[in-house]
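K.L.:
I would like the atomic coordinates for the input below:
(2 chains)
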Amino acid sequence: MADNGTDELEQMYQEVILDASRHPHGKGVVPADDAGTTDGEATVAAPHEACSAARSHQFNPTCGDEVTVHVEVGRDEPHRIEDIVWDGQGCSISQASLSIMVDLVRGRTVDEAMHLFDGFHALMSSRGAGLDDEEAMDELGDATVFQGVSKYPMRIKCALLGWEGLKDSMAKALAAQRRAS
Amino acid sequence: MTDIETIRSQFPILGQRINGHPLVYLDSGATAQKPQCVIDAESGFYETINAGVHRGAHTLAARSTVAFEQARAKVARLVGASSQEGGEELVVTMGATDALNLLATAIGNASLGRGGPGAERFALKPGDEIVVSRAEHHSVLLPFQELAARTGAALRWLEVDEDGRVMADLAPETIGERTRIVAVTHIGNVTGAITDIAPIVRRAHEVGALFVLDACQSVPHIPVDFHALDVDFAAFSAHKMYGPTGVGFLYGRRELLEALPPARFGGSMVELAYMDRPALYMDPPARFEAGTQPVAQVVAAGVAADWMMGVGMERIAAHEREITDELLGLGQVDGVRILGPRTSEGRIGTVAFEVDGVHPHDVGQYLDAAGIAIRVGHHCAQPIHRHFGVFASNRASAGVYNTPDEARALIEAVKGVRPFFLR
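P.N.:
Predicted structure coming up:
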């Protein structure tokens, strides 16, 4: 049934997205929170030495999508993301976006991850047009499959949910390092 | 309804194509579409009558006031409320949410000792109880939960059965001597289940409590008569009954409205205002209608009420029952669970469902590609979703203009959801 509705649907739910949502990367058990709080404010004990760990809980009240992102960030420059794990539930867009994000940022520095965050944000604000900056598109790799989603204002939040968790948890990890030093 | 095409042709929005498909609008529970006469009434008001109501001495002001009050009377006739001059029982609000907040705020004011003679009957104090149900929309739950918190009253609730229907037989144990207010939905906005309110109303009155009805989902779909139902207050919105957005109504038994203190203050609700003495407020409904009213929208809401009575509420209900029967076929689709009653007995054509393994946002997107509009999310009723063990659901809700073919188109499309996402 070739019609523009189906075409749009296929463009939005590309195989990469459906695949990533069914078999998400980086999804696992978020380490227990020593402080016993669940609001994402606490810094958790990091299994990796020379790392600070932090978590961020993100929630989309309109649909109930929910994720906790846990990162472990190297204490020394250039503050590499040594580990990232998330747990949560939500629509295929949010789950796939988290999976692809994990593959993109694991092992990158916080600065590099923030650069990707900015690029992905820009992509999701492009209303389906994508980014003119080819280099930025290249950097985003598989995350460019969400270009189709950026046409749907109500779904942009789904794609950004995990990225917001990444940004917030990295900021908390760095803040914890500053407090410790 | 044999003349369904005649009905449909009055709704200009329904004629369009969405994503290459004829629009199938099954989201009337969120907001109903408007017939041409309602659209024309709103613009016609601005073209010929527009002026402030209840003020000014010029011709247009008089015409505007008459149109406003006639509209109130039309809506009153639809719901069995009095519209006699001096005996009006409908207060114009900005919506049903606003109506419920207005009521809760007014009761809060009475609890602070405000209001004239008789206002003390509303006053709440620590130890008192407010009873709601698990099936409530947040617009009922939250204003009364906040009212309880402000006054020290305790919030209790009626539970729902496995279909999500409010369990009326729990009324004797949940509603007791301490209960002062009972606020329950007439029809669940998620489940479509009609509450058997009679025993709840009886029990509330037995213990001297006020009964507040959320009639948002009943007024558009079944015949409703507030006097016959013997409720004390009720709230409903115009935009779900084929009228404009921005308008709702608070029904109150006249003697209660007369005793209830105002909740909002300003122009057009005060008889005498002084610098050094307390103001003297107007009688209802003006006492509760501070500020400039959405006059064009109220006038159009009156036209909507007339339009519904013209079609006939019995006929509307009978037609929608046919659609409900079709929609309930969703339960036969592989992996689909209906959240609510599975037969058309005691329910309306608001059918919530879950598709196993597929998030409601994805279901909604998939259906939209086929031109089908349903609601996805928690429908502003999180507690009842928790009862069903989900955070969000899909909800198809019928209106007078839906056809059995449209319900079948939804079911056909839903059949494709799991194969698409779980391929």
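K.L.:
Show the low-confidence segments of the chain, by residue range.
P.N.:
Because you didn't say which chain, this covers chain A. Residue ranges of chain A with pLDDT under 70: A:1-3, A:33-49.
K.L.:
oops, I was thinking of chain B
P.N.:
B:1-2.
K.L.:
ranges for the helices of chain A?
P.N.:
All helices of chain A, identified by DSSP state H, fall at A:4-12, A:15-22, A:92-105, A:110-124, A:134-140, A:153-180.
K.L.:
which stretch among the ones you listed comes nearest chain B?
P.N.:
Among these, helix A:4-12 comes nearest to chain B, with 3.2 Å by Cβ to the nearest Cβ. Bear in mind the C-beta positions are built from the backbone N, C-alpha and C, glycine included.
K.L.:
Between helix A:92-105 and that closest one, find me the angle.
P.N.:
30 degrees (axes from the mean of the first three to the mean of the last three Cα atoms, to 10 degrees).
K.L.:
I would like the residues contacting helix A:4-12, please.
P.N.:
Residues outside helix A:4-12 that contact it (Cβ atoms under 8 Å, 6 or more residues apart in numbering or on different chains): A:148-149, A:151-152, A:155, B:18-21, B:365-366, B:368-371, B:420.
K.L.:
Can you tell me which of the residues you listed are classed as buried?
P.N.:
Among these, those classed as buried by 16 or more other Cβ atoms under 10 Å in any protein chain shown are A:148-149, A:152, A:155, B:18-21, B:365-366, B:368-371, B:420.
K.L.:
Need the max-distance pair from the contacts of helix A:4-12.
P.N.:
Maximum pairwise distance among the contacts of helix A:4-12 (Cβ to Cβ): 20.9 Å, between A:Val149 and B:His21.
K.L.:
about what we covered before: of the contacts of helix A:4-12, which belong to strands?
P.N.:
B:18, B:21 (DSSP state E).
K.L.:
Nearest to A:Ile81 among the contacts of helix A:4-12?
P.N.:
So of these, ranked by how close each gets to A:Ile81 (Cβ to Cβ), first place is A:Val149, at 24.3 Å.
K.L.:
Was I right to think the closest one contacts A:Met124?
P.N.:
Yes. Contact criterion Cβ atoms under 8 Å: A:Val149 and A:Met124 qualify, at 7.3 Å.
K.L.:
what phi and what psi does the backbone show at the residue of chain B most remote from its centre?
P.N.:
In chain B, the greatest distance from the average C-alpha position (Cα atoms, centre = their mean) is reached by B:Asp276, at 40.8 Å. Backbone torsions of B:Asp276, given as degrees, to the nearest 10, read phi -120, psi 10.
K.L.:
For the nearest residue to B:Pro12 once chain neighbours are set aside, list the residues it contacts.
P.N.:
Using Cβ to Cβ, 6 or more residues apart in numbering or on different chains and skipping residues adjacent in sequence, the residue nearest B:Pro12 is B:Gln36, 6.1 Å away. Contacts for B:Gln36 (Cβ under 8 Å, 6+ apart) come out as B:10-12.
K.L.:
ditto for B:Val311
P.N.:
Contacts of B:Val311 (Cβ under 8 Å, 6+ apart): B:7, B:400.
K.L.:
how does it look with 10 Å?
P.N.:
The contact partners of B:Val311, taken as Cβ atoms under 10 Å, 6 or more residues apart in numbering or on different chains, are B:1, B:3, B:6-7, B:10, B:35, B:242, B:319, B:400.
K.L.:
just B:Phe226 next, same as before
P.N.:
Counted by Cβ under 10 Å, 6+ apart, B:Phe226 has contacts B:76, B:79-82, B:89-90, B:213, B:215, B:219, B:232-234, B:236, B:251-253.
K.L.:
Restrict those to those that also contact chain A, please.
P.N.:
By Cβ under 10 Å from any Cβ of the partner chain, no member of the contacts of B:Phe226 lies near chain A.
K.L.:
if we can go back for a sec, of the contacts of B:Val311, which pair is most distant in space?
P.N.:
B:Asp3 and B:Tyr242 (16.3 Å).
K.L.:
Looking at these two, which has the bigger crowd around it?
P.N.:
Using other Cβ atoms under 10 Å in any protein chain shown as the criterion, B:Asp3 and B:Tyr242 rank with B:Tyr242 on top: 28 against 11.
K.L.:
Quick check: chain neighbours aside, which residue is closest to the more buried one?
P.N.:
Nearest to B:Tyr242 is B:Ala304, by Cβ to Cβ, 6+ apart, at 4.4 Å.
K.L.:
same deal with B:Ala171?
P.N.:
Per Cβ to Cβ, 6+ apart, closest to B:Ala171 is B:Arg203, 4.0 Å.
K.L.:
just B:Ala67 next, same as before
P.N.:
Nearest one to B:Ala67, counting by Cβ to Cβ, 6+ apart, is B:Val299 at 4.9 Å.
K.L.:
do B:Leu256 as well
P.N.:
B:Asp232 (5.8 Å).
K.L.:
my guess is the one you found meets B:Gly208, correct?
P.N.:
No. B:Asp232 is beyond contact range of B:Gly208, at 11.2 Å (criterion: Cβ atoms under 10 Å).
K.L.:
out of those two, which sits in the busier spot?
P.N.:
Between B:Asp232 and B:Gly208, counted using other Cβ under 10 Å, the more crowded position is B:Asp232 (22 against 10).
K.L.:
any chance you could read off phi and psi for the more buried one?
P.N.:
According to degrees, to the nearest 10, B:Asp232 has phi -90, psi -40.
K.L.:
B:Ile107 in helix, strand or coil?
P.N.:
helix (DSSP: H, G, I helix; E, B strand; the rest coil).
K.L.:
Could you tell me how many residues sit around the residue nearest to it when sequence neighbours are not counted?
P.N.:
Counting by Cβ to Cβ, 6+ apart, B:Ile107 lies nearest to B:Phe122, which is 4.8 Å off, once chain neighbours are set aside. Per other Cβ under 10 Å, the neighbour tally for B:Phe122 reads 22.
K.L.:
tell me the contacts of B:Phe122?
P.N.:
B:103, B:106-111, B:114-115, B:180-181, B:210, B:256, B:259-261.
K.L.:
Repeat that for B:Gly329.
P.N.:
B:Gly329 neighbours (Cβ under 10 Å, 6+ apart): B:336, B:338, B:351, B:407-408, B:410-411, B:414.
K.L.:
and with 8 Å instead?
P.N.:
Counting by Cβ under 8 Å, 6+ apart, B:Gly329 touches B:407-408, B:411.
K.L.:
What residues does chain B have near chain A?
P.N.:
Counting by Cβ under 8 Å from any Cβ of the partner chain, chain B comes close to chain A at B:18-21, B:358-362, B:365-366, B:368-371, B:376-378, B:391-392, B:420-423.
K.L.:
Go again with 7 Å.
P.N.:
Residues of chain B found near chain A (Cβ under 7 Å from any Cβ of the partner chain) are B:19-21, B:359-362, B:365-366, B:369-371, B:377-378, B:391-392, B:421.
K.L.:
Go ahead and flag the most central residue of chain B.
P.N.:
Nearest to chain B centroid, counting by Cα atoms, centre = their mean: B:Cys216, 1.4 Å.
K.L.:
Does that one touch B:Ser237 like I think?
P.N.:
Yes. Here B:Cys216 reaches B:Ser237: they are 5.6 Å apart, a contact under Cβ atoms under 7 Å.
K.L.:
Show me the common contact partners of these two, please.
P.N.:
Counting by Cβ atoms under 7 Å, 6 or more residues apart in numbering or on different chains, the common neighbours of B:Cys216 and B:Ser237 are B:Ala96.
K.L.:
I appreciate the help and will end here.
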